[in-house]
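**Q** from the sequence below, what's the structure:
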Amino acid sequence: MTVKSRLLEILEKQKGETLSGEKLAEELHCTRAAIWKAVKSLREEGYKIEAGQNKGYMLAKANDRLSVEAIRPFLLSPEVYIGVYQEVDSTNRAAKAVAVNGEAGHGSFVLAGSQSAGRGRRGRSFYSPQDAGIYLSVILEPKGSIQESLLLTAEAAVAVYKAVKKVTGISLDIKWVNDLYHNSRKVCGILTEAVTDFESGNIEFAVVGIGLNLFEASDGYPDALQGIAGGIYESREAAAGLDRSRLAAEIVNTLLEETKELKLPDEYIQHNMVPGREICISDGNSICRAKALEICPDGRLKVQEEDGTVSILSYGEVSIIM
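**A** Sure thing, here's the model as predicted:
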């Protein structure tokens, strides 16, 4: 670990506190000139580090730049691979790459400040503006078949629900199959991609991609998302006290706990906004109206169509009829 990385870790752990340059040099076994050089480099990368003559250095509490050093202290399994980018095309794509080449295993993850080609379900793009959300992909090695992968998405939704509730106090609504809502607006989408063994049908590894909107970016949402997308906070100012690194780490911690076994969490049913509602179902080829009856134990959705037919959905685009 370099002097810069070790210094950033210390500054992150004691964010808002002034630390003596002399003591930092002693702790890191380097010269004060090396500390100054590391501070200068971190400032050039965008870190808000204040300094005063004979006062030392302080990482401003308002600093919310994502880094490995900022996230690792909050993790329950800090030894995992962590990839942090200020921008990447897709965190799912980056996570799959390091999983395939053996660089990263279970519990490892990729996090980005923005995505240039974020991906949603059914080939859609996921709008990922700079520093307005958490764009995260976690590598998992669950014990189960591809048929059970739907449960991973349900467990991921519950993990986001619990983490957001714990860190912010905000309660979200879960929408079958892979979205979370706040104040009737979509604030989170989940994309689970599994790599399976062709012969056994078992999952070799899965990548769970989570895109969580914290607030609306300064240039707003694209026209196609107007009235649909939202954030868990009304504005950047309202989110000023949020530590993104802590929230991201809490999502990972909770996801690893939830996925120790493939099962449908009780919270997925308790906080689901779909059962009992009139819905519109689109499977890409047709659209029909139905009433959502219940979430089945395997995560599928039981519905009653207009002609009285009862069917069970494994996938499909569901919208609630207001």
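**Q** tell me where the model's unsure across the stretch 51-200 of the chain.
**A** 53, 121-123, 146-147, 198 (pLDDT under 70).
**Q** if you set the cut-off to 50 instead, what comes out?
**A** The model of the stretch 51-200 of the chain has no residue with pLDDT under 50.
**Q** can you give me the strands for it?
**A** 56-59, 82-85, 109-112, 133-140, 173-175, 179-182, 185-196 (DSSP state E, counting those that start in this stretch).
**Q** for His29, find the nearest of those.
**A** Closest of the strands of the stretch 51-200 of the chain to His29 is strand 56-59, at 17.1 Å (criterion: CB to CB). All C-beta atoms are positioned from the backbone trio N, CA, C, and that covers glycine.
**Q** residues contacting that closest one, please?
**A** Here strand 56-59 makes contact (CB atoms under 8 Å, 6 or more residues apart in numbering) with 11-12, 14-21, 23-24, 35, 39, 47-51.
**Q** gap between Gly16 and Phe109?
**A** Gly16 sits 26 Å away from Phe109, going by CB to CB, to the nearest Å.
**Q** quick one: which of those two has more around it?
**A** Set Gly16 next to Phe109 and count neighbours by other CB atoms under 10 Å: Phe109 wins out with 30 against 12.
**Q** thinking again about what came up before, pick the most buried one from the strands of the stretch 51-200 of the chain.
**A** strand 109-112 (a mean of 28; mean count of other CB atoms under 10 Å).
**Q** and it, what does it pack against?
**A** Contacts defined by 3 or more CB pairs under 8 Å, 6 or more residues apart in numbering; DSSP states H and E place strand 109-112 against strand 82-85, helix 91-100, strand 133-140.
**Q** just send those back as CSV, with distance to Cys296 too.
**A** Below are these laid out as CSV (distance: least, CB to CB, whole Å):
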stretch, distance to Cys296
strand 82-85, 36
helix 91-100, 27
strand 133-140, 22
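**Q** of these, which is nearest Arg119?
**A** With CB to CB as the yardstick, what comes closest out of the helices and strands packed on strand 109-112 is helix 91-100 (5.9 Å).
**Q** any residues touching that closest one, and which ones?
**A** Counting by CB under 8 Å, 6+ apart, 81, 83, 85, 88, 104-105, 108-112, 115, 117-119, 135-139, 191, 193, 195, 205, 207, 209 sit against helix 91-100.
**Q** what separates it from the chain centre, distance-wise?
**A** Distance, stretch centre to chain centre, for helix 91-100: 15 Å (CA atoms, centre = their mean, to the nearest Å).
**Q** give the buried residues for it.
**A** Buried residues in helix 91-100, defined by neighbour count with 16 or more other CB atoms under 10 Å: Thr91, Asn92, Arg93, Ala94, Ala95, Lys96, Val98, Ala99.
**Q** same deal with stretch 28-39?
**A** Neighbour counts over stretch 28-39 (16+ other CB under 10 Å) mark Leu28, Cys30, Ala34, Ile35, Ala38, Val39 as buried.
**Q** give me every residue that touches the nearest residue in space to His271 that is not next to it in sequence.
**A** Leaving aside its sequence neighbours, His271 sits nearest to Ile174 (CB to CB, 6 or more residues apart in numbering; 4.9 Å). With contacts taken as CB under 8 Å, 6+ apart, Ile174 has the following neighbours: Ala157, Val158, Tyr161, Leu180, Tyr181, Glu267, Tyr268, His271, Asn272, Met273.
**Q** which among the residues you listed gets closest to Ser128?
**A** Once CB to CB is applied, the member of those that ends up nearest Ser128 is Leu180, at 15.9 Å.
**Q** how close does that closest one get to Ile281?
**A** Separation of Leu180 from Ile281 (CB to CB): 20 Å.
**Q** before we move on, what about Val138?
**A** Val138 sits 29 Å away from Ile281, going by CB to CB.
**Q** ok, now Leu264?
**A** Distance of Leu264 to Ile281, given as CB to CB: 20 Å.
**Q** next up, phi/psi of Glu267, please.
**A** phi -60, psi -30 (degrees, to the nearest 10).
**Q** hmm, it is touching Ala159, no?
**A** No: in this structure, Glu267 is not within contact of Ala159 by CB atoms under 8 Å, at 9.6 Å.
**Q** so between these two, which is more surrounded?
**A** Ala159 (26 against 18).
**Q** quick check, Arg300 in contact with Ser314.
**A** Yes: here Arg300 lies in contact with Ser314, judged by CB under 8 Å, at a distance of 5.2 Å.
**Q** between those two, tell me which one has more neighbours.
**A** Set Arg300 next to Ser314 and count neighbours by other CB under 10 Å: Arg300 wins out with 18 against 12.
**Q** got the confidence number for Gln14?
**A** Listed pLDDT for Gln14 reads 91.
**Q** what about it, distance to Ala33?
**A** Taken as CB to CB, the span from Gln14 to Ala33 is 22 Å.
**Q** in the helix or strand containing Leu247, what's buried?
**A** Secondary structure assignment for Leu247, by DSSP states H and E: helix 244-258. Of all the residues in helix 244-258, those buried under the rule 16+ other CB under 10 Å are 244-256, 258.
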